[in-house]
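> below are the sequence and a predicted model for it; my questions follow.
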Amino acid sequence: MARAGGISNAVNVGIAVQADWENREFISHISLNIRRLFDFLLQFEATTKTKLASLNEKLDTLERRLELLEVQVGTATANPSLFNT
Amino acid sequence: MEGERPRSENPAMTFDEVSMERSKSFVKALQELKNLRPQLYSAAEYCEKSYLHSEQKQMVLDNLKDYAVRALVNAVDHLGTVAYKLTDLLDQQTLEVTTTGVKISCINQQLLTCQTYIEKEGLRQQQLLAIIPRHHKHYVLPNSVSKKVHFSPHVQADTRQNHFQARSRLQPSASPASKTLSWHLSSETKPTIKGSISTLESSEESKSSGGSSAAFQLLDKDDSTVSKPSGTAYASSGIQPSSGGMQSFGVPRKEAVDGSKHLGGFRSFDNPRRDIVRTPVPFRSKSVLSAFFVKQKASRLSAGSVS
């Protein structure tokens, strides 16, 4: 009887250990995926910042060119005699 | 994807409406992602309480594992949607900025074309207004008093040109023929400059003075030759005699001797077919006239001594 109890205890321990290992494996999987998700978010942030910076630079360039054109057109409209042949 | 549905359902939407739809879908996806956080927090508290108070802990644990997996998948799905919509929005904005840059380049090119045209027109108008005189060298050799010596290769034997050809004069004994060579400049431009003098009247006057050889004589060391100007033809505009001191002699002398006479015409030696141009004599100050009279008297005296 004692031996049967001891064997059952060993089996229970083994089962428990196995379940524990499964749980740990599951947790490791979950944590690994969450870390991968975190890395994706970091990479996405860097890419989006680069795109936004380039877009901002293009917009600044366009603004300066538009200001220059505005001044040139204003000068031309102020002197309509230049276009009279 | 959800973003593509509105395009396929409404193909007649304008570009602004499509961009508005994209922005709205992005905002909606971002809001849903933000709402995931309280849901996950509430689910975690419920699982913790149920595992502590429930008797069937294994069943709670299994449910918790399933829920964790589904929540993770749902979070990844929402993040992917938000990332895709944001990337699409940024690409759309970049395309709009590029298109605007191209339009601005077109406007700039048009403006540069207008400026180039204005500059060319201005240069063309300026070139038409500019009158550049052309001068030709002309040698006049002195000879006898009655003869007309003319060494210009462009001179034609035309009677009408006699009025404008220089007449040779007797050279004074002190001045050899080589010293009396003079540059005669004739211009091809129209007589717009004042102060032109005919050759006929001035040559006759120099004849009476007795001893002048050419209208413009080189400034020699001998000052007597400088004081014997004679009338020779020279153009009305752009005349620049080699002797700088003689520049004013022709005009005042002409005016002093015969101020009321009408100046004869003159023509360029290169183009004898041109019409005779008559120009008025400009008014000179008395000081110049008086100085000229004094020199003229001196020339008459020297000519009388030679003969």
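Thanks, I have the structure now.

> low-scoring pLDDT stretches of the chain, where are they?
Going with chain A. For chain A, the stretches with pLDDT under 70 are A:82-85.

> wait, chain B was what I had in mind.
Scanning chain B for pLDDT under 70 picks out B:1-13, B:128-131, B:144-307.

> show me which residues of it are close to chain A?
Residues of chain B lying close to chain A by CB under 8 Å from any CB of the partner chain are B:61, B:65, B:68-69, B:72, B:75-76, B:79, B:83, B:86-87, B:90, B:93-94, B:97-98, B:100-101, B:104, B:107-108, B:111, B:114, B:118, B:121. Any C-beta I mention is one placed from the backbone N, CA and C, and that applies to glycine too.

> can you select the buried ones from these in ChimeraX?
To isolate the buried ones among these in ChimeraX, judged by 16 or more other CB atoms under 10 Å in any protein chain shown, type:
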select /B:65,68,72,75,79,83,86,90,93,97,104
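
> mind checking which of the residues of chain B next to chain A are in helices?
Using DSSP state H, the members of the residues of chain B next to chain A that fall in helices are B:61, B:65, B:68-69, B:72, B:75-76, B:79, B:83, B:86-87, B:90, B:93-94, B:97-98, B:100-101, B:104, B:107-108, B:111, B:114, B:118, B:121.

> which parts of chain A are strands?
With DSSP state E as the criterion, chain A has no strands.

> how about the helices in it?
Using DSSP H, helices in chain A cover A:2-78.

> what does it have sitting close to chain B?
A:23, A:26, A:30, A:33-34, A:37, A:40-41, A:44, A:48, A:51-52, A:54-55, A:58-59, A:61-62, A:65-66, A:69, A:72-73, A:76, A:82-83, A:85.

> now list the buried members of those.
Buried among these by 16+ other CB under 10 Å: A:44, A:51, A:58, A:62, A:65, A:72, A:82.

> ok, the fifth one - contacts?
It refers to residue A:65. B:101, B:104, B:108 (CB atoms under 8 Å, 6 or more residues apart in numbering or on different chains).

> closest to residue B:125 out of those?
Residue B:125 lies nearest to residue B:108 out of those, by CB to CB, at 26.1 Å.

> so how far is residue A:56 from the closest residue in space to the closest one that isn't next to it in sequence?
Leaving aside its chain neighbours, residue B:108 sits nearest to residue A:69 (6.2 Å; criterion: CB to CB, 6 or more residues apart in numbering or on different chains). Distance of residue A:69 to residue A:56, computed by CB to CB, to the nearest Å: 20 Å.

> check which helices and strands the helix or strand that residue B:127 is a member of sits against.
Using DSSP states H and E, residue B:127 sits in helix B:57-129. The elements that helix B:57-129 packs onto, with contact taken as 3 or more CB pairs under 8 Å, 6 or more residues apart in numbering or on different chains; DSSP states H and E, are helix A:2-78, helix B:15-53.
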